[in-house]
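Visitor: Sequence isn't available, so here's the structure alone:
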Ligand SMILES: Nc1ncnc2c1ncn2[C@@H]1O[C@H](COP(=O)(O)OP(=O)(O)OP(=O)(O)O)[C@@H](O)[C@H]1O
């Protein structure tokens, strides 16, 4: 089932978000490199960097939830600080890495929070709002959980509720902190495809990612954030330079090409990395029959 499109009275034109010499405020760190770039409608930006580099801090700063140390942000050409918070919330949606579910709520009630920027004080959600939320749950494969208390969900199900809430909001700018957190492989791909689809429809998407290969596959612009505050950004193919990525993560990498895209693997010096026998299966392993290498010699014995 497709998510219901925004009704014409609520449909907003596409929106850009730009930084002008922005210095994020990472506690205890000297000023990092000033960031100046524009996130245009239809673009897919990935923010890469090691733990603690400041990716979430940058994302929260872009959302206007955290003041920068220096510089400024513009939403559609106007300083972000000049916008009313409600108007910002109608345009910009955030999927947080950490969540604190302090109030008991169902999955559907949580998804409906995405409509709050469009409601007046004390106004109830309309049937259209409910249909949008149900459509978003369907899209994220969690419609069957609509009436479940949030507290009973698994990590991956909870992550998909967060994505469904922003899908219900239908913002022009998506700021997503680790979109594939807790997700299995199928739902990782489905989530990246959802963000890709949003960008294809004119939204600007910014995501913090730990998986280089997801970034290489799904982003068209990358920002590399180093622990000392240094940064570089630009079109994906200019940023996927192995030596720069190795320095970013302090990790040697091997690179291969699969289906025309670069695939990065950490190079690990351990016995785990040594060639493994292909034909011997441990007697202790419970291997599905089809996965066991077919050995006609042993069958004949
Ligand atoms: N309120 C705070 N007080 C002190 N230090 C903080 C605070 N908030 C963030 N930091 C520190 O700022 C640095 C950047 O944090 P941030 O969460 O932005 O990193 P990150 O790149 O998103 O990391 P990760 O990949 O682990 O999610 C970290 O060293 C963190 O400990």
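Guide: That came through fine. Everything numeric in this text was worked out from a predicted model, so none of it was measured.

Visitor: Correct me if wrong: residue 230 contacts residue 34.
Guide: No. The pair residue 230 / residue 34 is not scored as a contact, 11.2 Å apart, by CB atoms under 8 Å. Just so you know, the C-beta spots here come from the backbone N, C-alpha and C atoms, and that holds for glycine as well.

Visitor: give me the low-pLDDT residue ranges for the stretch 1-150 of the chain?
Guide: Scanning the stretch 1-150 of the chain for pLDDT under 70 picks out the ranges 1-12.

Visitor: Helices of that one, residue ranges please.
Guide: 55-62, 85-91, 107-112, 127-139 (DSSP state H, counting those that start in this stretch).

Visitor: Same list, those helices, but as TSV with distance to residue 45 and mean neighbour count please.
Guide: Output for these, formatted as TSV (distance: least, CB to CB, whole Å; neighbours: other CB atoms under 10 Å):
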stretch	distance to residue 45	mean neighbour count
helix 55-62	10	23
helix 85-91	16	16
helix 107-112	25	24
helix 127-139	22	20
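
Visitor: Can you check which of those gets nearest to residue 151?
Guide: helix 107-112 (10.7 Å; CB to CB).

Visitor: coming back round to it: between residue 230 and residue 34, point out the one with more neighbours.
Guide: residue 34 (17 against 13; other CB atoms under 10 Å).

Visitor: mind listing what that one touches?
Guide: Contacts for residue 34 (CB atoms under 8 Å, 6 or more residues apart in numbering) come out as 21, 22, 23, 70, 71.

Visitor: Same list, these, but only the ones touching the ligand.
Guide: With the criterion set as CB under 6 Å from any ligand atom, no member of the contacts of residue 34 is near the ligand.

Visitor: picking that back up, of the helices of the stretch 1-150 of the chain, which is nearest the ligand?
Guide: Smallest distance to the ligand across these (CB to the nearest ligand atom): 3.4 Å, for helix 55-62.

Visitor: about what we covered before: redo the helices of the stretch 1-150 of the chain as JSON lines? Include distance to residue 156.
Guide: Listed next are those as JSON lines, based on distance: least, CB to CB, whole Å:
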{"stretch": "helix 55-62", "distance to residue 156": "20"}
{"stretch": "helix 85-91", "distance to residue 156": "26"}
{"stretch": "helix 107-112", "distance to residue 156": "13"}
{"stretch": "helix 127-139", "distance to residue 156": "14"}
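
Visitor: on that earlier part again, neighbour count added to the contacts of residue 34, as a markdown table?
Guide: Shown next, in a markdown table, are these (neighbours: other CB atoms under 10 Å):
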| residue | neighbour count |
| --- | --- |
| 21 | 12 |
| 22 | 21 |
| 23 | 18 |
| 70 | 12 |
| 71 | 15 |
